[in-house]
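Sequence first, predicted coordinates after that:
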Amino acid sequence: MMTKKASSSSNARPSKSKNPKFLWTRKDLVGLDELSSEEIVHVLDTAVSFQEVSTRSIKKIPALRGKVVALLFFEDSTRTRMSFELAASRLSADTVFLSGKGSSTSKGETTLDTVRNVEAMGVDVFVIRHSQSGAPHQLVDKVNVPIVNAGDGPHEHPTQALLDIFTIRQKLGTLEGVRVAIVGDIAHSRVARSNIIGLRKLGAEVVVVGPPTLVPATITAMGCEISHSLDDILGEVDVINMLRIQFERFSSNLFPSLREYSSLFGMNADRLSKCRKDVLIMHPGPINRGVELTSEVADGPNSCILQQVTNGLAVRMAVLYLVSQSRH
Ligand code: CP
């Protein structure tokens, strides 16, 4: 038994993905916009092979032993930060962490100078969250090590979308033809943008739902439909991904009251009863109970919110592993 465990723990590489000929060559992961459908599937397949590591008594493999992952979070985070930190740890990498608060950015240092200084200390991968759209993209040509986007303003949150898509594929077996509703503050949501891009690339249908003030009409250019009525689409979707209202990105009030928003666009037991019996209820977190969904729904049998969080670890292990192995 011991021998078997030791041999399994020493397996530094994930098992082969479904396309063994696929070669990952991408240095950075800054958005799903840049990824082909084949690359997205490769990340998902690699994540499948990493899931098992988290079930071991010793939750570690030496895939990134000796490497250093720098987590630069210039914007608050609970899930993404801890998930990347644990993912790096499970791959045996060392981690260093810097937040916006308490760093020398408060003294006027630019993000580029911060990143270059940390790179000079010999780190191997950057994971960056930033409040400005495009911040990670602007760094990729200026540093020699991989950059992973952990969320840039309202632009993209690629690893959140990958873990959402992973969870849908895990539960439904496919993305092809699956109909997904993304509900709420579409206008300010990087999660919505990355999900729409990734889901469409893998053959899912997407309908975005919310009041006109939170759903830009131009979003249809991304290949999704728009509905301004949650009640109208309840019975026709396989997945409902509820989004948090991002008040921190509002410059003015975009709906009369939370009570009204919730009555029109909140998921509750009554609305759930009108959905398909096995509809998946998702939320990227953090959730505001009683606003975008009730506790009954958030903690009920259709909810896969915590499964998303669990899957995030395997997905982020896959991402850190793949960008670290790429030749650049
Ligand atoms: N889903 C998500 O990005 O959560 P955090 O802001 O807590 O990282």
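Happy to help now that I have it. None of the values given here were measured: they were computed from a predicted structure.

switch to C-alpha atoms for all contacts and neighbour counts from now on
Fine.

I'd guessed residue 309 sits against residue 82; true?
No: the pair residue 309 and residue 82 does not pass the contact test of C-alpha atoms under 8 Å, sitting 10.3 Å apart.

Those two: who's more crowded?
Using other C-alpha atoms under 10 Å, the more surrounded residue of residue 309 and residue 82 is residue 309, with 21 against 13.

Could you tell me the per-residue confidence at the more buried one?
On pLDDT, residue 309 comes in at 98.

Quick check: the gap between it and residue 283.
Relative to residue 283, residue 309 is positioned 10 Å away (C-alpha to C-alpha, to the nearest Å).

One more: residue 256?
From residue 256 to residue 283 the distance is 23 Å (C-alpha to C-alpha).

Buried residues in stretch 207-220, which are they?
207-212, 214-216, 219 (16 or more other C-alpha atoms under 10 Å).

whoops, I mixed them up, stretch 315-328
Under 16+ other C-alpha under 10 Å, the buried positions of stretch 315-328 are 315-325.

and this protein, which residues reach the ligand?
Selection of the chain residues close to the ligand by C-alpha under 6 Å from any ligand atom yields 77-81, 284-286.

What is the nearest of those to residue 201?
residue 284 (19.9 Å; C-alpha to C-alpha).

will you turn the buried residues of stretch 207-220 into CSV that also has distance to residue 270 and secondary structure?
Formatted as CSV, the buried residues of stretch 207-220 follow (distance: C-alpha to C-alpha, whole Å; DSSP: H, G, I helix; E, B strand; the rest coil):
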residue, distance to residue 270, secondary structure
207, 21, strand
208, 21, strand
209, 18, strand
210, 18, coil
211, 20, coil
212, 24, helix
214, 24, helix
215, 24, coil
216, 28, coil
219, 29, helix
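
which one of those is nearest residue 120?
Comparing the buried residues of stretch 207-220 against residue 120 with C-alpha to C-alpha places residue 219 closest, at 40.5 Å.

Chain neighbours aside, what residue packs nearest to residue 249?
Among residues not flanking residue 249 along the chain, residue 188 sits closest, at 6.7 Å (C-alpha to C-alpha, 6 or more residues apart in numbering).

could I have the biggest helix by length in the chain exported to PDB, CA atoms only?
Longest among the helix segments of the chain by residue count, using DSSP state H, is helix 305-325. Output of helix 305-325 as PDB, limited to C-alpha atoms (Å, rounded to 0.1, in the frame of the first residue of the first chain):
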ATOM      1  CA  ILE A 305     -21.200  26.700  -6.400                       C
ATOM      2  CA  LEU A 306     -18.800  24.800  -4.100                       C
ATOM      3  CA  GLN A 307     -18.000  22.300  -6.800                       C
ATOM      4  CA  GLN A 308     -16.900  25.200  -8.900                       C
ATOM      5  CA  VAL A 309     -14.500  26.200  -6.200                       C
ATOM      6  CA  THR A 310     -13.100  22.700  -5.800                       C
ATOM      7  CA  ASN A 311     -12.700  22.400  -9.600                       C
ATOM      8  CA  GLY A 312     -10.900  25.700  -9.600                       C
ATOM      9  CA  LEU A 313      -7.900  24.100  -7.900                       C
ATOM     10  CA  ALA A 314      -7.400  21.400 -10.600                       C
ATOM     11  CA  VAL A 315      -7.900  24.000 -13.300                       C
ATOM     12  CA  ARG A 316      -5.300  26.300 -11.900                       C
ATOM     13  CA  MET A 317      -2.900  23.500 -11.300                       C
ATOM     14  CA  ALA A 318      -3.300  22.700 -15.000                       C
ATOM     15  CA  VAL A 319      -2.800  26.300 -16.000                       C
ATOM     16  CA  LEU A 320       0.300  26.800 -13.900                       C
ATOM     17  CA  TYR A 321       1.700  23.500 -15.100                       C
ATOM     18  CA  LEU A 322       1.100  24.200 -18.800                       C
ATOM     19  CA  VAL A 323       2.500  27.700 -18.900                       C
ATOM     20  CA  SER A 324       5.600  26.600 -16.900                       C
ATOM     21  CA  GLN A 325       6.300  23.800 -19.400                       C
END
